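> Here is a sequence with its predicted model. Questions after.
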Amino acid sequence: MNPQDSLIDKDNLQEQIKPEETVQETTIQPTANTEVQEEVTETVAEEIAASEETTTTEESTAPTEEKATVETEAADPDDDLLVATVEEEDDDDEMLDEEIDNVVEIAEMTKSVLVARLKELVTLEVEEVKDEVETIKQQFYKKSKIETEKQKAEFIANGGEEIDFIPNTPELETEFKELLGEFKAKKAKLAAELEKQRENNLLRKNHIIEQIKVLVESKEDVSANINTFRQLQQEWKNTGAVPPSAENELWRAYNQQQEAFWDLIKINNELREYDFRKNLEAKTKLIEAAETLDAEQDVVSAFRQLQKLHEEWRELGPVARDLREEVWGKFKAASTVINRKHQAHFDEIRAMEEKNLEKKNELCEQLEAIDTAKLTTFKDWENTTKEVLELQEQWRTIGFAPRKANQKVYQRYRAACDKFFAAKGEFYKEVKNTLAENLEKKKALCEKAEALKDSTNWKVTTDEFIKIQKEWKTIGPVQKKYSDEVWKRFITACDYFFEQRNKNVSSKRGEELKNLEMKKAIIEKIKAFTKTDNPSETLAALRTLAAEWNAVGHVPYRDKDKIYKEYRTALDAQFDALNIDASQRRLESFRSNLKDMSGKGESKLYREREKLVRAYENLKNEILTYENNMGFLSISSKKGGGMLQEMERKIEALKEECKLLEQKINMIDENI
């Protein structure tokens, strides 16, 4: 026989109350892990249920208020007390998964939300919210510590000494401390009230014992004493908990006086048998209720219901001596079934948590294996960031690890993620320095162009400007906020020089009018053009007409925009008929304009190229900004998933625009 299932012999009882069987079933209760991280907040659902664990105990050991009890039959039929106990779970009002969800939710709250939540909790009952308040306190100070460390790092980075750093104490933290002090005062007051109530209960129960003692020593009629005794028993039952230090001795004295009462009053057999029958009926119902719990799907709920049945069993009196072992055996057997299922349930949880720990360790190894030193381009960082985000998403789908290892593996995971994104931040910081160097180089070219713009040595200065423009082309991008300014300064100097040079080139009015008529004729050709069955031939013919258009020189200035609009409308109509997409159409149009620019000298091409390069740089800077924001958004944003998708769509559109600009720049390079 399992020693946990054995029954103690009446001779082993210190106080000689002689119960034939006393069994204690205990449970080790689950606790909610209150130390949970902010950004990615996690807890462990680990409950160790020591089911079917029974140990012998002396009758003098009384159950505390926090324990569910199992009652056994006493040797004396009039004083049958069961004193084995089963520890109650920490919080019978909340399921374990609700506690975990609550902790994760609190970990994701901002400090202002935490203060608002604490303000609500302070108005509620202490016992109902004390665990949540403790979790809020830990999360608030953890977030405050992170902010203080950040302030300190910025202070030192700005040249301050660590010893001179004085952290700021925001009003939010002052309000939080005041609310916390208010809750602590309320909690202390409640504790004092509870302690006072226990002391009052102790006095009341001692008084009940003294009253029973008076009945034992009384010479009055038996029937009158029986009614009084029953009332005292009910009064004892209705009286609440007492200080733990006095509990055992109190129960010993109470049981002793009960036994003495039944021994002295010599209750008649008929009344004794009546009590036995009533107790048997009640205990039989409890046995049936315990047996039906085997069909309960929720094993945790079944276990809790079993504890309530044990409490009811404890309050019942004895049954006939010849039925005691049988009745107790049935109740114990039904309890054992539920206890074993309860234990198996948490064994499964522990096994699952071990698998989760393995998966999380594997993710940590993958994160730690990333060699940031090999990431030297934006593309490298972009691809690796996507991989890290995918690993983070996998982490979120994995359940809890064992309590003892959960915090450690989470810290390892956070450290690996933080290391990666810190390295990414350093990379972008270095890029920022490079952009600053490029800005200085471009400013120097601006100064050089401004010094040359008033020169009338057209040939030499033109060559010098072309040289400067080529040098500008070799310099990389600058920060977006300076890009437009420095480009405008540079192109203004270039345009001024070339405009002054072009004023020296006279145009013939008659030639411009002739060109206007030629372009009108070309427009009519385009309108009258009929496409062939071969799209390639049709497109080639249209290109020929476009080439004819570009070959024609300038038209009068006042007619330039109008004639070009007519030309563009006619050509677009033909392209629509060929189902040519917008990008291809833009390239075809640019190809035509390029031939026109080629006839006006390389300076026109260089200016157009610089314009395209400038637009290209602006787009790359926008892409860089979005990518940088994506990297930091993935760590802390609760709605990061939707925002990331939106940013990815914008980045793809910008990249398509960059491809079109690259094609245009390549066309110019082929003509220079």
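Received, thanks. Numbering: from 1, shown residues only.

> Show me where the stretch 251-400 of the chain dips below the pLDDT cut-off.
For the stretch 251-400 of the chain, the stretches with pLDDT under 70 are 265-270.

> could you pull out the helices for it?
269-292, 299-315, 321-368, 378-397 (DSSP state H, counting those that start in this stretch).

> next structured bit after the biggest helix by length in the chain?
Counting residues, the longest helix found in the chain (DSSP state H) is helix 403-452. Using DSSP states H and E, the helix or strand that follows helix 403-452 in sequence is helix 458-474.

> My understanding was that Glu127 contacts Lys187; is that so?
No - with contact defined as C-beta atoms under 8 Å, Glu127 does not reach Lys187; the gap is 9.1 Å. (C-beta placed from N, C-alpha, C; glycine too.)

> the bottom helix or strand of this protein by mean pLDDT?
In the chain, no helix or strand scores lower on mean pLDDT, DSSP states H and E than strand 54-55, which sits at a mean of 28.

> domain assignment for the protein?
Domain ranges of the chain: 354-426, 436-671, per automatic domain parsing.

> which one of those lies closest to Phe165?
Ranking the domains of the chain by their distance to Phe165 (criterion: C-beta to C-beta) puts domain 354-426 first, at 20.9 Å.

> I'd like the distance from the closest one to the chain centre, please.
Computed by C-alpha atoms, centre = their mean, to the nearest Å, the chain-centroid distance of domain 354-426 equals 15 Å.

> before we move on, back to that, quick one, which of the helices of the stretch 251-400 of the chain is nearest to Leu203?
helix 299-315 (22.5 Å).

> just checking, what packs against the closest one?
If contacts are counted by 3 or more C-beta pairs under 8 Å, 6 or more residues apart in numbering; DSSP states H and E, helix 299-315 sits against strand 67-70, helix 269-292, helix 321-368.

> try it again with 10 Å
strand 24-25, strand 67-70, strand 84-87, helix 269-292, helix 321-368 (3 or more C-beta pairs under 10 Å, 6 or more residues apart in numbering; DSSP states H and E).

> how about TSV for these, with mean neighbour count added?
Supplementary listing: the helices and strands packed on helix 299-315 in TSV, determined by neighbours: other C-beta atoms under 10 Å:
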stretch	mean neighbour count
strand 24-25	24
strand 67-70	24
strand 84-87	24
helix 269-292	15
helix 321-368	17
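
> returning to what we had before: what's the least confident stretch among the domains of the chain?
The minimum mean pLDDT among these belongs to domain 436-671 (a mean of 81).

> For Glu259, find the nearest of the domains of the chain.
The nearest among these, by C-beta to C-beta, is domain 354-426 at 45.3 Å.

> okay, now the closest residue to Asn225 other than its chain neighbours: neighbour count?
Of all residues not flanking Asn225 in the chain, Leu215 sits nearest, at 5.0 Å (C-beta to C-beta, 6 or more residues apart in numbering). Applying other C-beta atoms under 10 Å, we find 19 residues neighbouring Leu215.

> Run through the residues that contact Leu215.
224-226, 228-229, 232, 257, 260-261, 264-265 (C-beta atoms under 10 Å, 6 or more residues apart in numbering).

> Can you lay out the domains of the chain as CSV showing distance to Thr336?
Formatted as CSV, those follow (distance: least, C-beta to C-beta, whole Å):
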stretch, distance to Thr336
domain 354-426, 27
domain 436-671, 46
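
> Verify the assumption that Pro477 is located in a strand.
No - per DSSP: H, G, I helix; E, B strand; the rest coil, Pro477 lies outside any strand segment and is coil.

> Hmm, Val613 and it touching each other?
Yes - using C-beta atoms under 10 Å, Pro477 is in contact with Val613, at 9.2 Å.

> that older thread, could the helices and strands packed on helix 299-315 go into JSON lines alongside distance to Thr377?
Listed next are the helices and strands packed on helix 299-315 as JSON lines, based on distance: least, C-beta to C-beta, whole Å:
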{"stretch": "strand 24-25", "distance to Thr377": "66"}
{"stretch": "strand 67-70", "distance to Thr377": "66"}
{"stretch": "strand 84-87", "distance to Thr377": "61"}
{"stretch": "helix 269-292", "distance to Thr377": "68"}
{"stretch": "helix 321-368", "distance to Thr377": "21"}
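
> can you tell me which of the ones you listed comes nearest to Arg198?
strand 67-70 (15.3 Å).

> Let me see the mean pLDDT of the closest one.
For strand 67-70, mean pLDDT is 32.

> got it, and stretch 154-168?
On average, stretch 154-168 scores 77.

> Centre of the chain to that stretch, how far?
Its chain's C-alpha centre and that of stretch 154-168 lie 31 Å apart, by C-alpha atoms, centre = their mean.

> what do you get for stretch 543-563?
62 Å.

> how long is it from one end to the other?
Stretch 543-563 stretches 18 Å from its first residue to its last (C-alpha to C-alpha, to the nearest Å).

> quick one: buried residues of it?
For stretch 543-563, a neighbour-count test (16 or more other C-beta atoms under 10 Å) marks 545-546, 548-550, 552-553, 555, 563 as buried.

> Make CSV from those and add distance to Ile398 and secondary structure to it.
Shown next, in CSV, are the buried residues of stretch 543-563 (distance: C-beta to C-beta, whole Å; DSSP: H, G, I helix; E, B strand; the rest coil):
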residue, distance to Ile398, secondary structure
Leu545, 65, helix
Ala546, 61, helix
Glu548, 68, helix
Trp549, 65, helix
Asn550, 63, helix
Val552, 70, coil
Gly553, 72, coil
Val555, 71, coil
Ile563, 68, helix
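
> right, and out of these, which lies closest to Leu654?
Taking the buried residues of stretch 543-563 together and measuring to Leu654 by C-beta to C-beta, the closest member is Ala546, at 29.0 Å.

> Surely the closest one touches Tyr567?
Yes - in this structure, Ala546 is within contact of Tyr567 by C-beta under 10 Å, at 8.8 Å.

> Any idea how many residues pack against Ile208?
19.

> Please, where are all the strands along the stretch 501-650 of the chain?
Along the stretch 501-650 of the chain, no segments are classed as strands by DSSP state E, counting those that start in this stretch.

> coming back round to it: check which helices and strands the longest helix of the chain is in contact with.
Other helices and strands packing on helix 403-452, by 3+ C-beta pairs under 10 Å, 6+ apart, are helix 321-368, helix 378-397, helix 458-474, helix 480-503, helix 602-636.

> Export the ones you listed to CSV and append columns for distance to Ala521.
Formatted as CSV, the helices and strands packed on helix 403-452 follow (distance: least, C-beta to C-beta, whole Å):
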stretch, distance to Ala521
helix 321-368, 69
helix 378-397, 50
helix 458-474, 34
helix 480-503, 27
helix 602-636, 25
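
> Mind checking these for the one nearest to Asn201?
Closest of the helices and strands packed on helix 403-452 to Asn201 is helix 321-368, at 29.2 Å (criterion: C-beta to C-beta).

> tell me the angle the longest helix of the chain makes with helix 480-503.
For helix 403-452 against helix 480-503, the angle by axes from the mean of the first three to the mean of the last three C-alpha atoms, to 10 degrees is 20 degrees.

> Hey, what's the angle from helix 403-452 to helix 321-368? Just curious.
Angle of helix 403-452 versus helix 321-368, following the same axes, to 10 degrees, is 20 degrees.

> between helix 403-452 and helix 458-474, what angle do the directions make?
180 degrees.
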